[in-house]
Structures are given as structure tokens and as C-alpha cells.
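Chemist: kindly generate the corresponding structure for this input.
(one chain, ligands or ions: 2)
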Amino acid sequence: MKRWQISVPASTANIGPGFDSVGIALDLYLELEVQPGLEWEFIPMSDAVQGLPAGKDNMIYETALYVADRYGYSNLPACTVRMNSVIPLARGLGSSATALVAGIELADCLLSLQLSDEEKLDIAVSLEGHPDNAAPSILGGCVIGYYDDKVHYIQTPIKDVRFLAVIPSFKLATSDARAVLPDQLLYKDAVKASGIANVAVAALLQQNWKLLGEMMTKDLFHQPYRESMIPHYKEITDSLQEAAYGVYLSGAGPTMIALIDEARADAVHAHYRNMYPDFEWLLLSCAAKGSFAEELAVEA
Ligand SMILES: Nc1ncnc2c1ncn2[C@@H]1O[C@H](COP(=O)(O)OP(=O)(O)O)[C@@H](O)[C@H]1O
Ligand SMILES: N[C@@H](CCOP(=O)(O)O)C(=O)O
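Modeler: Numbers count the residues shown, from 1 in each chain. Ligands and ions are numbered 1, 2, ... in the order given. Below you'll find the model as predicted:
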């Protein structure tokens, strides 16, 4: 009887103006331990995953079944899945994408599909609609991508900077934070927004963190519409701006992230954590490696 360990990194999407397109994998993980069982059961092993569906209504199972169906299988052998995660849910750190990617890895293990990264990407992004969370969770590093009939992307490493996440205590579902965005932009505004995003991406590729930070605050695609959903957004981001290259809304929020020089990160973290103790603070790094599954030794 085989057993597996599946590991999927969280992600921070948009990075300011890279709306629905730019994302970075973070060293914060959803981990699953999978072993054959009598019926499907998802057991939470950490606080972050308490209260999630425990059976076939869990998103990880639903995704795995979707993959099975896509490859011509009508069911999956029942398993007990122990879920361990430190990714806060509905905070803008890509937890739903980690569940989706974990489901793909799960089906891959149980059905010996031997999916390539490209196949995993195609499945995940066709389900999410945008590649900014799922692509870095699968590939690791920073991924700049666009999806139509396939995922067009560039993957690039991130070095010398840390991500200081300021996490409010309330949840904000991505669907709610997308509902406040406009249906259309005026042509001249779209040109301006695209110019800002182009410079941000070029800065990212050249690791020009100062220029990237400047472009973060100029975003016209999503942050201006979402800021008012997050109490103290302006106060906190203005304050952090003094110690950071730039500050942005992570994914759909409510988490805010300051991009900080690696050498100063610990000191900045300690200082701001004391200033705003009502928030959860996490000092994170880019995860160079994406999702993976490995077979565990059979228990005696
Ligand atoms: N490990 C998991 N197992 C099952 N469902 C999950 C898991 N992690 C996240 N989800 C689902 O994803 C939802 C959060 O998704 P979303 O609103 O997109 O926020 P985010 O992806 O920013 O955390 C959770 O409320 C839950 O329904
Ligand atoms: N581009 C999406 C990203 C959502 O990320 P999440 O981590 O909040 O799920 C958006 O901004 O809506």
C-alpha cells in the first residue's frame, strides 16, 4: 500500500500592477500526507485548515476527481489525507490555488499519471482562469503568465529581497474582492495601466526593486478599487513604505506585503510588528521550488 507526501507553496499574486498575471511562490506550505483508507477523509492537522470540508466536498478531492475524469478514470481509490498548512485562508496568499494544485498532485500520485509541469499548469489555470497563483505554486519562483488556450509564461528567480506580510484577522474571499472591480477601463486609462505594469515587469526581470516598488503604488488595475475594503490600509502601507522598496496588496487582499531588502528585513519586521500588534506578521522568502509529491516508506 503506497503512501505519499504532497507539498505545495503559497503564492502572492499581482505584486502591484501585474494583475492576474504576476505571482511569486512563498515559503509557506500546504502539506498532505496521503494513505489508503476505507473512505475519503480529510483530517486537519493544523489551525489554518480547521473547519474545511472533511469528505468528498473538499476542494482537493473535487480537483483530483476532475483530473481523473479528464484522463478517463471514473473514480479514485479512497484515502485518508492529513492536511497540514500554515497558509491563512482567504487572506490573499493563494490558499485556494494550493488546494487546487494539491488535488492535481493527488490524482497524479493515485493514478500514476506522470503529469508534466505543463499539463499541471494547463489544468490548474483552466480551473482558476488566471495563472498568477497556480503557476508559481506549481513551478516555484516568480512567474509572469497569460492564459488563453494555453499558459504563456516566463519563470524568473527572486533574490536578495524578503516579503513582509501584514495579515489582518478578517477573511476576504477572492470572489468578493473581484466583485468590486470595474467591467471596463477607458482606453487611455488602460494604456496608462499597461505602461505601469510593463515597467514593473521589466524592473522585476532586472531585479530593480526600487523601480518595481515605485510602480506598485501606481497600479490602476485593482488596488484603487480594493483599498477601501481593508481598514487601516493607507496608514499601514504609508508607514511601511518608509522601510521598504514598495508595498502592495497581496492577491485580492486583505494581506499587505512590503518588499524589503534582505539585509534589513529582520529589523524592519521586529519594528513594525511592535507598532501594529493586532495583525499577524510573517517574514517570507520566495520559494524557488514548486509543488512536489514523494512516495513515503511503507509503515511497518
Ligand atoms: N487546504 C484546503 N482544502 C480545501 N479547501 C481549501 C483549502 N485551502 C483553501 N481552500 C478553499 O479556498 C478558499 C479561500 O479561497 P480564496 O477566497 O480564493 O482565498 P485565498 O486563495 O486568497 O486564500 C477557502 O475558504 C476554502 O474554501
Ligand atoms: N489576480 C487575482 C489573485 C487572487 O489571489 P488570492 O491569493 O487573493 O486568491 C485577484 O487579484 O483577484
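
Chemist: quick one: residue 208 and residue 201, what's the gap?
Modeler: 11 Å (CB to CB, to the nearest Å). For the C-beta atoms, the positions are set from N, CA and C on the backbone; glycine is no exception.

Chemist: looking at these two, which is more packed in?
Modeler: Neighbour comparison, residue 208 and residue 201: the larger count goes to residue 201, with 21 against 16 (by other CB atoms under 10 Å).

Chemist: mind checking the SS state of the more buried one?
Modeler: helix (DSSP: H, G, I helix; E, B strand; the rest coil).

Chemist: name the nearest residue to it, ignoring sequence neighbours.
Modeler: Sequence neighbours aside, residue 144 is the residue nearest to residue 201 in space, at 5.8 Å (criterion: CB to CB, 6 or more residues apart in numbering).

Chemist: what about whatever residue of the stretch 201-300 of the chain ends up closest to ligand 1, which helix or strand?
Modeler: In the stretch 201-300 of the chain, the residue that lies nearest ligand 1 is residue 251 (5.0 Å; CB to the nearest ligand atom). Remark: residue 251 resides in no helix or strand, with elements defined by DSSP states H and E.

Chemist: run a quick neighbour tally on the residue nearest to residue 201.
Modeler: 23.

Chemist: for the residue of the chain at minimum distance from ligand 2, give me its contacts.
Modeler: Using CB to the nearest ligand atom, the single residue of the chain nearest to ligand 2 is residue 251, 2.6 Å away. By CB atoms under 8 Å, 6 or more residues apart in numbering, the contact set of residue 251 is 11-14, 92-94, 132-133, 174.

Chemist: and the stretch 1-150 of the chain, which of its residues are near ligand 1?
Modeler: With CB under 6 Å from any ligand atom as the criterion, the stretch 1-150 of the chain comes near ligand 1 at residues 30, 49, 52, 58-60, 83, 85, 89-96, 99.

Chemist: if you set the cut-off to 5 Å instead, what comes out?
Modeler: Residues of the stretch 1-150 of the chain lying near ligand 1 by CB under 5 Å from any ligand atom: 52, 58-59, 89-90, 92, 95-96, 99.

Chemist: closest to residue 37 among the residues you listed?
Modeler: Closest approach to residue 37 among these (CB to CB): residue 58, at 13.3 Å.

Chemist: give me the element the nearest residue to that closest one once chain neighbours are set aside is part of.
Modeler: In this structure, residue 58 finds its nearest non-sequential neighbour in residue 42, 4.6 Å apart by CB to CB, 6+ apart. According to DSSP H and E, residue 42 maps onto strand 41-44.

Chemist: buried set for that strand?
Modeler: 41-42 (16 or more other CB atoms under 10 Å).

Chemist: what's the first helix or strand after it?
Modeler: For strand 41-44, the following helix or strand on the C-terminal side (DSSP H and E) is helix 59-70.

Chemist: okay, that following helix in PDB with CA atoms only?
Modeler: Output in PDB follows, covering the C-alpha atoms of helix 59-70 (Å, rounded to 0.1, in the frame of the first residue of the first chain):
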ATOM      1  CA  MET A  59     -11.800  21.100  -2.900                       C
ATOM      2  CA  ILE A  60      -8.700  18.900  -3.000                       C
ATOM      3  CA  TYR A  61     -10.800  15.800  -3.700                       C
ATOM      4  CA  GLU A  62     -13.000  17.700  -6.200                       C
ATOM      5  CA  THR A  63     -10.000  18.800  -8.200                       C
ATOM      6  CA  ALA A  64      -8.400  15.300  -8.000                       C
ATOM      7  CA  LEU A  65     -11.700  13.800  -9.300                       C
ATOM      8  CA  TYR A  66     -11.800  16.400 -12.100                       C
ATOM      9  CA  VAL A  67      -8.300  15.400 -13.200                       C
ATOM     10  CA  ALA A  68      -9.200  11.700 -13.000                       C
ATOM     11  CA  ASP A  69     -12.200  12.300 -15.300                       C
ATOM     12  CA  ARG A  70     -10.100  14.300 -17.700                       C
END
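
Chemist: so what secondary structure elements neighbour it?
Modeler: helix 95-110, helix 117-128 (3 or more CB pairs under 8 Å, 6 or more residues apart in numbering; DSSP states H and E).

Chemist: one more time with 10 Å
Modeler: Packing partners of helix 59-70 (3 or more CB pairs under 10 Å, 6 or more residues apart in numbering; DSSP states H and E): strand 22-36, strand 41-44, strand 79-85, helix 95-110, helix 117-128.
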